[in-house]
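In: Would you be able to build a 3D model of this:
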Amino acid sequence: SVVRNALFCLETAANQKENHVYTKALLAYAFALAGNREKRKALLDSLEQEAVRKDGSVHWQRPGKEPEVDLPYHRSRAPSAEVEMTAYVLLAQLTSQPAPAQEELAFASLIAKWISSQQNPNGGFSSTQ
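Out: Okay, the predicted model is just below:
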């Protein structure tokens, strides 16, 4: 009953009209883990509309965030919130039963490309998640 109540709480949150992109990413992953394909797909579809597509990769950023300035010899890395929410979308994308379709895997590879570009010289990330 505790899990059922928790999922009901998450469904209520997912039905709100104005969810933050980070919240949608977390909810999509939670519903993927819970096996709720409909909610997972609805959230992923919504997230896909908010995706930032750049340089052959895909990621998400917080609303109202200033676009990054490209400097000639410096490649800035995204703040931890962007890395985390993009990673949660990737997890939600790949956590499905049955296994993800080829189209989903192709989209996931664009997400993975962006995440890998965020590694620092030591192989770590700005995010602790």
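
In: And the residue nearest the centre of the protein?
Out: V89 (2.4 Å; Cα atoms, centre = their mean).

In: now whichever strand or helix holds A25: mean pLDDT?
Out: Assigned by DSSP states H and E, A25 falls within helix 21-34. Helix 21-34 shows a mean pLDDT of 95.

In: all helices for the chain, in order.
Out: Secondary structure of the chain, counting by DSSP state H: helices at 2-14, 21-34, 37-49, 80-94, 102-117.

In: and of these, who's closest to S57?
Out: helix 102-117 (3.7 Å; Cβ to Cβ). C-beta: built from backbone N, CA, C; applies to glycine.

In: shouldn't the residue nearest to the centre of the chain be in contact with A112?
Out: No: V89 is not in contact with A112 according to Cβ atoms under 8 Å; the separation is 10.8 Å.

In: re the thing from before, and the closest residue in space to the residue nearest to the centre of the chain that isn't next to it in sequence, what does it touch?
Out: In space, and not counting its chain neighbours, V89 is closest to A25: 4.9 Å by Cβ to Cβ, 6 or more residues apart in numbering. Contact analysis of A25 by Cβ atoms under 8 Å, 6 or more residues apart in numbering lists L47, W60, M85, T86, Y88, V89, A92.

In: how about 6 Å then?
Out: M85, Y88, V89 (Cβ atoms under 6 Å, 6 or more residues apart in numbering).

In: what about the residue lying closest to the second one once chain neighbours are set aside, distance to N120?
Out: Which is Y88. In this structure, Y88 finds its nearest non-sequential neighbour in A25, 4.0 Å apart by Cβ to Cβ, 6+ apart. In this view, A25 and N120 are 22 Å apart by Cβ to Cβ, to the nearest Å.
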